[in-house]
Structure formats: structure tokens, C-alpha cells
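Colleague: Give the three-dimensional model of this entry:
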Amino acid sequence: MLFGVGHLFHGEQRPNAVTIYEQTYPGLTLVINAHHGFESQNEQLEVRLKTWPKPSVALIKDTWLGKLGIAYFSDLAPKHWPKETTLADFVDAYLYLGPRDSLTHENTPSDILDDKLYMEELSRRAALGGSFAAFDPARIRERDQDSRLYRPR
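Modeller: Okay, here's the model as predicted:
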């Protein structure tokens with residue numbers, strides 16, 4: 001099964017899909033995080049992935065990648081996690097599809113962004129999890145204009 005990694009972290013104190021599943025089937029879940037860059041240290045660290053085949057998946061326990069602190073992956077980090085948390089504390093493997101600047105994303109359809117009740121519900125749920133910013137349609141539309149992330153078909 002495939003899910004957004006934010007619902008699957010190992011080590012969560014609050015119940016999530018992995019913690020619930022592993023109560024019955026311990027140690028069977030492989031949580032994979034996709035590469036999106038390394039925040040402000042991307043230029044220095046991404047060089048270390050240069051020789052990786054595209055695509056590739058690698059286990060990260062006891063590797064330089066697994067030992068990186070959560071600050072390098074701030075888009076993943078729940079606010080309640082200690083800053084000394086490492087990538088390997090919450091995921092098992094890393095998916096590399098290429099350098100950050102080569103990655104593209106799908107635009108968010110306008111009808112979704114225009115659905116005020118739906119966007120409010122997403123924001124409400126995000127606040128409950130304490131990890132992500134509000135779903136601001138204007139911010140998402142602005143992000144969708146970033147030519148580095150979204151290329152015309």
C-alpha cells in the first residue's frame with residue numbers, strides 16, 4: 001500500500017497507520033521517504049547522492065543519510081518531535097528520483113483550492129497533527145507557479 005509518508009512515521013507517540021498496524025504485525029512495515037532536498041544544506045549534501053542510480057531506494061539505518069537530523073527534512077517533521085530526531089528514527093528507506101532541481105510536481109487543481117470547506121477541513125486536520133502549516137490556497141497557487149517545480153506539459 002502507498003500512503004503519504006506523514007501518516008506512516010515510525011516512533012510516533014500518537015497512533016498512526018504504522019503504529020496501529022505494527023501492534024499486530026511488528027517490524028513488517030517499510031516506510032520510505034522520497035528525496036525533496038536537504039533544506040539550506042542541499043547543495044553540500046545532494047552531491048553525496050550524485051552516484052545513485054535514478055530511481056533508487058536505499059535502506060538508511062546506520063548510514064550518513066539516516067543520521068541526518070530532522071532539520072534537513074523540515075517538511076516532514078512534526079513540531080512535537082525533538083530536534084535531535086534523525087531521519088532513521090521515523091523512516092526505513094529513502095527514494096531517490098534525482099536532484100531536487102530536477103523534480104517536478106503536479107499542480108493542485110483550482111476546483112480543490114476554491115472549495116473553502118474542504119481547505120478549512122484540511123487545515124483543521126493539520127492543526128490536530130501539529131505538524132503542517134494551514135492549507136492556504138493563495139500560498140499553494142503561488143507554489144504552483146514555481147517553474148522549478150511545475151513544468152508545462
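
Colleague: Where does pLDDT dip in the chain?
Modeller: 1-7, 12-13, 74-81, 126, 128-134, 148-153 (pLDDT under 70).

Colleague: so what are the domain limits for it?
Modeller: Following automatic domain parsing, one gets these domains for the chain: 5-102, 110-144.

Colleague: which secondary structure elements does the lengthiest helix in the chain contact?
Modeller: Identified as the longest helix of the chain according to DSSP state H is helix 116-129. When contacts are defined as 3 or more CB pairs under 8 Å, 6 or more residues apart in numbering; DSSP states H and E, helix 116-129 packs onto helix 110-113. From N, CA and C alone the C-beta is placed, and that goes for glycine too.

Colleague: So Ile112 sits against Leu122, correct?
Modeller: No - with contact defined as CB atoms under 8 Å, Ile112 does not reach Leu122; the gap is 9.4 Å.

Colleague: on that earlier part again, need the domains of the chain in CSV with mean neighbour count, can you?
Modeller: Below are these laid out as CSV (neighbours: other CB atoms under 10 Å):
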stretch, mean neighbour count
domain 5-102, 14
domain 110-144, 13
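
Colleague: Wait, Lys61 touches Ala88, no?
Modeller: Yes - using CB under 8 Å, Lys61 makes contact with Ala88 at a distance of 5.3 Å.

Colleague: what about the nearest residue to Tyr21 once chain neighbours are set aside, which SS state?
Modeller: Excluding the flanking residues, the one nearest Tyr21 by CB to CB, 6 or more residues apart in numbering is Thr29, at 6.0 Å. Secondary structure for Thr29, judged by DSSP: H, G, I helix; E, B strand; the rest coil, is coil.
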